[in-house]
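K.L.:
Sharing a sequence plus its predicted fold:
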Amino acid sequence: MPAVSKGDGMRGLAVFISDIRNCKSKEAEIKRINKELANIRSKFKGDKALDGYSKKKYVCKLLFIFLLGHDIDFGHMEAVNLLSSNKYTEKQIGYLFISVLVNSNSELIRLINNAIKNDLASRNPTFMCLALHCIANVGSREMGEAFAADIPRILVAGDSMDSVKQSAALCLLRLYKASPDLVPMGEWTARVVHLLNDQHMGVVTAAVSLITCLCKKNPDDFKTCISLAVSRLSRIVSSASTDLQDYTYYFVPAPWLSVKLLRLLQCYPPPEDAAVKGRLVECLETVLNKAQEPPKSKKVQHSNAKNAILFETISLIIHYDSEPNLLVRACNQLGQFLQHRETNLRYLALESMCTLASSEFSHEAVKTHIDTVINALKTERDVSVRQRAADLLYAMCDRSNAKQIVSEMLRYLETADYAIREEIVLKVAILAEKYAVDYSWYVDTILNLIRIAGDYVSEEVWYRVLQIVTNRDDVQGYAAKTVFEALQAPACHENMVKVGGYILGEFGNLIAGDPRSSPPVQFSLLHSKFHLCSVATRALLLSTYIKFINLFPETKATIQGVLRAGSQLRNADVELQQRAVEYLTLSSVASTDVLATVLEEMPPFPERESSILAKLKRKKGPGAGSALDDGRRDPSSNDINGGVEPTPSTVSTPSPSADLLGLRAAPPPAAAPVTSGAGNLLVDVFSDGPAAQPSLGPTPEEAFLSELEPPAPESPMALLADPAPAADPGPEDIGPPIPEADELLNKFVCKNNGVLFENQLLQIGVKSEFRQNLGRMYLFYGNKTSVQFQNFSPTVVHPGDLQTQLAVQTKRVAAQVDGGAQVQQVLNIECLRDFLTPPLLSVRFRYGGAPQSLTLKLPVTINKFFQPTEMAAQDFFQRWKQLSLPQQEAQKIFKANHPMDAEVTKAKLLGFGSALLDNVDPNPENFVGAGIIQTKALQVGCLLRLEPNAQAQMYRLTLRTSKEPVSRHLCELLAQQF
């Protein structure tokens, strides 16, 4: 940058600034500024032309006045005129004024753009840098459209100076962040990546920042940067501080560049090239080794630079999650920081160890620091560090240490900051449920939670304990006894009353034999809390009272007296009044048998995953780390909540960020319906089964089929249904399916749940179930970015004649998807007749102003409508012979693409939909199956035989059906699975 000579000093500006500073009042300052503005305006409008120095001086004064907070409405043209000057100082002031005061809608933009183009074409590096800085500072879309094509050319030009390349890379980065669609990188990609080999470290640093941003959207285009980044990182890590003298910061060589390179590598999986991977592992080991060396300086700048590289290295090791040795070493290194005197280092160490705890390689190493983490939870002054310690305890918990961790978190809860109490409550509830050694400990823990922090115990928590107690006969008596004792406390939280009301109403008879908890005592204890509770709790207690009449007839008169009281029958709340009237009438009119039938014990709730985890994820926000994900499960844990047992047809391993919701919502586990408000309803978003049905209700299959029936026109539900969606685009209106569409479809032939598609922007999850010729599919669209998707529109398209073969009803989704959010779309499917082509899913939206679109094949194949059929060996062979026409049989001999495992093969065949028939084939190693494909028009019987040859690593698959196209299609689908 050229030095400013003495002649460039602006004495008039210095005097003006001095006058402003010497003003005694705000009024004096405004008076002096108005006087100066009048003088500048007269100079600009005067007949005498001003020289460059005068323009520069007056423009500087205007800029200073603007920075003081006053509006400037003139002088812009004079600033633009300064851009054409050949003097650096005048041009610099012109660009500075424009960068600060000119907005993107100004009429002067065209003149400014012309001046910038002249400077970019001048080949004067100083002027080019000024122009690039101005483009980056303004950063408007208009400037992006004008210069987006020129800047990459300057960046990769062989004759560009290093300072110009540096400015060009950062300018391009600024434009890309503002308007990603304006930066055409296709032809420049390879040459931009090659900048990582540049000799000038400043150019490399700027290039890494640019590439890191670009590769997040187009990772495959920049994949070649991995080897170059590893090579550059290796040279930096292995160099001495004297080798990179100009870029050494307190004895640490190029710390900022090292951190940027490590972040760039985190955008990709581990290198596939063994040599590159080996070199990278060597670099990471070197960084870990250097962390153990004594510091070369006692100054904080040295330790900050050194630790920045170390933490980014550990982040990369965690990202790869493939090197057990490095993961354990990283854990040990972080363990040393847990007791460091610097609060920030302790915070970062706890945060990183939370992620390490989710890795199978380093989980045990993390557990060795449990005492230190517990001590941090108790003694840390900073609430954010204590919160990270709680997160780490949650992440490292398993069956071996669950009691200790839950006990410590309960103890901490008594003095915890109010801001994090709800989160601690949720974590304790999840851990107690997941790792309970026995049910009595779980009940004690939840009741302790309510006692210690009742205001922060959400409905999901106490609903959950009611579900578990209802489902477990061996804990019901203990729960009734414990909750009865808890209710005897003088100060009892309302949530405890709710739990006590439900449990005693259902299982109070189990403790009624003890005189200390006789029926009258139970009723008296509950009723003593009645007048202190909210309307919703009183409604629940009234339901408990009518249950008592059924369980304990001796309490009937007392309870009827309560129900008959004027405070109930004439209650201002209609819900309480209605319950009192109905329950009083029911107890008076109904016979003992009718009363016992109406008020029978609640049936067990369907086994489902806990909704508390969903609550915790919502509490932590979209960026919740993997420590909150339930992906790492303790092999020895048997969830007492009755978590969904995986079967061969439902096992799937979605990515950690997949959040596939359940198929149905669960009602509140109240003794009787509470309708006083939607806030009282439990919506178990992770439910995997239907709500509890009365014993005389429809079977689950009938309920499922009835759910899929469209509402009748006169039905009230029809009035609530979504209006008819706009006409779907035809196949000609959408692009072709993505290249990997067939591969993605094949993954779902034998399973119903999982991640259908995922890239840097979007994740699409699928959860579906099929019965007879009907199906329901839930699509989950997750925005993986922090930017909102606009005009989001997923559409199902029927190519060819599929419209007559398959009916798909879709519900519209919101047109905007916030960053980190997920939306759900429900599809009702009916198979009208056999089909060969799956429907297409077209997803269109705008991201950062740029239109995005992709087309996938929806995982709906003909085998989804299989109904398994059991038959004896004689019936099978008789039917096999009946399907003996050549066109009814399809056969394929193919080589195994996966290890030939009998259990895996069996699971895939069951997932395919057919029933497996034992003792039918003379060769016990062969697999025989039978099923019927259900369509609305007809049923297609299907028999299959799979003959594995382990020695030759080959299969022979034979299918016979009553329709030729179905035989061939099923044979192709199934063969691709092996």
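P.N.:
Received the coordinates, thanks.
K.L.:
Okay, now the unreliable bits of the stretch 801-950 of the chain?
P.N.:
By pLDDT under 70, the stretch 801-950 of the chain has no low-scoring segment.
K.L.:
er, the chain I mean
P.N.:
For the chain, the stretches with pLDDT under 70 are 1-9, 47, 104-106, 241-243, 607-733.
K.L.:
quick check: domain ranges of it?
P.N.:
436-598, 740-860, 863-976 (the TED database).
K.L.:
For G158, find the nearest of those.
P.N.:
domain 740-860 (30.9 Å; C-beta to C-beta). No exception for glycine: its C-beta is placed from N, CA and C like everyone else's.
K.L.:
distance between the ends of the closest one?
P.N.:
Domain 740-860 has an end-to-end distance of 16 Å (C-alpha to C-alpha, to the nearest Å).
K.L.:
need the next SSE after the helix or strand hosting I424, C-terminal direction.
P.N.:
Assessed by DSSP states H and E, I424 sits inside helix 418-434. Using DSSP H and E, the helix or strand that follows helix 418-434 towards the C-terminus is helix 439-453.
K.L.:
C-alpha coordinates for the helix or strand following that following helix, PDB please?
P.N.:
Later in the chain than helix 439-453, the nearest helix or strand by DSSP H and E is helix 459-471. Taking only C-alpha atoms (Å, rounded to 0.1, in the frame of the first residue of the first chain), the coordinates of helix 459-471 have been written out as PDB:
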ATOM      1  CA  GLU A 459     -46.700 -33.300  31.000                       C
ATOM      2  CA  GLU A 460     -44.600 -35.700  28.800                       C
ATOM      3  CA  VAL A 461     -42.700 -36.800  31.900                       C
ATOM      4  CA  TRP A 462     -45.600 -37.700  34.200                       C
ATOM      5  CA  TYR A 463     -47.600 -39.100  31.300                       C
ATOM      6  CA  ARG A 464     -44.700 -41.400  30.700                       C
ATOM      7  CA  VAL A 465     -44.500 -42.800  34.200                       C
ATOM      8  CA  LEU A 466     -48.300 -43.500  34.100                       C
ATOM      9  CA  GLN A 467     -47.900 -45.400  30.800                       C
ATOM     10  CA  ILE A 468     -45.100 -47.500  32.300                       C
ATOM     11  CA  VAL A 469     -46.800 -48.200  35.600                       C
ATOM     12  CA  THR A 470     -50.000 -49.200  33.700                       C
ATOM     13  CA  ASN A 471     -48.100 -51.600  31.500                       C
END
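K.L.:
between helix 459-471 and helix 439-453, how big is the angle?
P.N.:
150 degrees (axes from the mean of the first three to the mean of the last three C-alpha atoms, to 10 degrees).
K.L.:
Helix 418-434 and helix 459-471, what's the angle between them?
P.N.:
Counting by the same axes, to 10 degrees, helix 459-471 lies at 20 degrees to helix 418-434.
K.L.:
any idea how far helix 459-471 is from the chain center?
P.N.:
Here helix 459-471 shows a centroid-to-chain-centroid distance of 26 Å under the convention C-alpha atoms, centre = their mean, to the nearest Å.
K.L.:
If you count contacts, what does that helix end up packed against?
P.N.:
helix 418-434, helix 439-453, helix 473-487, helix 494-507, helix 612-620 (3 or more C-beta pairs under 8 Å, 6 or more residues apart in numbering; DSSP states H and E).
K.L.:
give me that answer again for 6 Å
P.N.:
With contacts taken as 3 or more C-beta pairs under 6 Å, 6 or more residues apart in numbering; DSSP states H and E, helix 459-471 sits against helix 473-487, helix 494-507, helix 612-620.
K.L.:
before we move on, back to that, and the helix holding I424, how far out from the chain middle?
P.N.:
Counting by C-alpha atoms, centre = their mean, helix 418-434 is centred 20 Å from the centre of its parent chain.
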